[in-house]
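> Predicted model, plus sequence, below.
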Amino acid sequence: MRIGVLALQGAVAEHIRSIELAGGTGVAVKKTEQLAEIDGLIIPGGESTTIGKLMRKYGFVEAIREYAGQGKPVFGTCAGLIVLAERLEGAEEPHLRLMDMTVARNAFGRQRESFETDLDVKGIDTPLRAVFIRAPLIKQVSDKVDILSMYKGEIVTARQGNLLASSYHPELTDDYRLHELFIGMAREAKNVKAE
Ligand SMILES: NC(=O)CC[C@H](N)C(=O)O
């Protein structure tokens, strides 16, 4: 499976490394035309305001909405999760408005800016190592969204059909099982299309 990583800003090389560890081929996506050549897209962590601005500038908002609308898988991690949300808490403008959830940015406060933990994730048999960095939280989801993991009573991993989102960085450890799960989603989407 060829998995693209949106390469406008953020942790791009790290995601490509995890994709390759998980048995896929990682591609840095800098132009909208490249979406036609990939089986799934990851929107990395970084700074959602910057990623959102650059997405608008280079035509990615419409292009990714169309890509996801065709049933192709999209995975947002940390800032990427913020970018996927239908609603953001406060007065902030949402970006792609693809996943039916409300997200709070920088939800852990200053005292817990960054930390690592082991998370139980639906579909992964033993706890996943997760790195949280100025992480967002999913505050509310509609019934279209499947909750895959919680941390201290808060939602940190979710899936809505072909869309996957994590509050944390799954690409900063050697535990690439969430990438494996996403590659499985890409394989599934491709098979459905081929039938
Ligand atoms: N690690 C991250 O991606 C941090 C997200 C960042 N705090 C934001 O609001 O966009």
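Okay, I see it. Because the structure is predicted, anything quoted here is derived from the model rather than measured.
> Please enumerate the helices of this protein.
12-21, 48-57, 60-69, 79-84, 177-194 (DSSP state H).
> list the contacts for the most centrally placed residue in the chain?
The chain has residue 76 as the residue nearest its centroid, 1.3 Å off, counting by Cα atoms, centre = their mean. Each residue near residue 76 by Cβ atoms under 8 Å, 6 or more residues apart in numbering is listed here: 42-43, 82-84, 99, 163-166. All C-beta spots, glycine's among them, are computed from the backbone N, C-alpha and C.
> May I see the helices of the chain arranged in a markdown table, with distance to residue 153 and mean neighbour count as well?
Listed next are the helices of the chain as a markdown table, based on distance: least, Cβ to Cβ, whole Å; neighbours: other Cβ atoms under 10 Å:
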| stretch | distance to residue 153 | mean neighbour count |
| --- | --- | --- |
| helix 12-21 | 28 | 20 |
| helix 48-57 | 24 | 18 |
| helix 60-69 | 29 | 18 |
| helix 79-84 | 18 | 29 |
| helix 177-194 | 21 | 17 |
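> one step back: next, work out how far apart the residue nearest to the centre of the chain and the ligand are.
From residue 76 over to the ligand the distance is 10 Å, taken as Cβ to the nearest ligand atom, to the nearest Å.
> what about that residue, distance to residue 182?
11 Å (Cβ to Cβ, to the nearest Å).
> likewise residue 21?
13 Å.
> What of residue 142?
22 Å.
> Same check on residue 159?
Taking Cβ to Cβ, one finds residue 159 at 10 Å from residue 182.
> Now for those two: what residues contact both?
Counting by Cβ under 8 Å, 6+ apart, nothing touches both residue 159 and residue 182.
> residues making contact with the helix or strand bottoming out on mean pLDDT in the chain?
The helix or strand of the chain with the poorest confidence is helix 177-194; it has a mean of 93 (mean pLDDT, DSSP states H and E). Helix 177-194 has contacts (Cβ under 8 Å, 6+ apart) with 1, 3, 15, 18-19, 21-24, 39-40, 42, 71-73, 75, 121, 123-124, 128, 157, 162, 164, 166, 170-171.
> Contact residues of this structure facing the ligand?
The chain comes close to the ligand at residues 45-48, 78-79, 82, 105-106, 133-134, as judged by Cβ under 6 Å from any ligand atom.
> Filter the residues you listed down to the ones in strands?
Here DSSP state E is the test, and those give residue 133 as lying in strands.
> Tell me where the model's unsure across the chain.
For the chain, applying pLDDT under 70 flags the ranges 111.
> Distance-wise, check the residue nearest to the centre of the chain relative to residue 82.
Residue 76 is 7 Å from residue 82, by Cβ to Cβ.
> Repeat that for residue 123.
Taken as Cβ to Cβ, the span from residue 123 to residue 82 is 23 Å.
> Could you do residue 39 as well?
For residue 39, the distance to residue 82 - Cβ to Cβ - is 24 Å.
> ok, the closest residue to residue 150 other than its chain neighbours - how many residues close by?
Nearest non-adjacent residue to residue 150, counting by Cβ to Cβ, 6 or more residues apart in numbering: residue 156, 6.5 Å away. As a burial measure, residue 156 scores 25 neighbours (other Cβ atoms under 10 Å).
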